[in-house]
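1. Everything below, folded, please.
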Amino acid sequence: MEERGWQRKFDDPIELPDGTRLNTLREAVAYLAKTVPKSERDMPAVATAAEMLTYAAEREMAWVFLARMATLQAIHRHEVRQFNPDAKDHHRGKRKLKRDQ
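-> Got it, this is the predicted structure:
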């Protein structure tokens, strides 16, 4: 039987840095409520996560994936994405056809 409402589970649990796993919508919303300071609850990432979690609990199962992504963004809202110069170099625009060599 499929879970309904706040008991719905994520396809892949959210792994937190401390080893905790958020398996359900209820656990995710409780974690955000406990860890996000009141002064940051109006931040777009946090507000979107709360909205997506609510949609996932009230609507069909398709919203759970979006709720998971929004929750991850809210959890990592202060992390700045870093450019990794060691990443694999893509050859976009650099390829040459054998005939042109």
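
2. where do the strands sit along this structure?
-> Taking DSSP state E as the criterion, the chain carries its strands at 9-15, 21-24.

3. what about residue 62, how many neighbours?
-> 9 (other C-beta atoms under 10 Å). C-beta: built from backbone N, CA, C; applies to glycine.

4. From residue 56, how far out is it?
-> Residue 62 sits 9 Å away from residue 56, going by C-beta to C-beta, to the nearest Å.

5. Same question for residue 87.
-> Residue 87 sits 33 Å away from residue 56, going by C-beta to C-beta.

6. of those two, who's got more company?
-> More neighbours surround residue 56 than the other of residue 87 and residue 56, with 26 against 7 (other C-beta under 10 Å).

7. got the contact list for residue 35?
-> residue 75 (C-beta atoms under 8 Å, 6 or more residues apart in numbering).

8. confidence score at it?
-> We have a pLDDT of 91 for residue 35.

9. before we move on, what about residue 91?
-> 63.

10. for the one 5 residues further on, same thing?
-> The predicted local confidence for residue 96 comes out at a pLDDT of 70.

11. before we move on, what about residue 46?
-> Note for residue 46: predicted pLDDT of 93.

12. what's the neighbour count on the residue nearest to it when sequence neighbours are not counted?
-> Nearest residue to residue 46, sequence neighbours excluded (C-beta to C-beta, 6 or more residues apart in numbering): residue 74, at 4.8 Å. By the measure other C-beta under 10 Å, the count of residues near residue 74 is 25.

13. List the contacts of the nearest residue to residue 23 once chain neighbours are set aside.
-> Closest residue to residue 23 apart from its sequence neighbours, by C-beta to C-beta, 6+ apart: residue 13 at 4.7 Å. For residue 13, the contact set (C-beta under 8 Å, 6+ apart) comprises 21, 22, 23.
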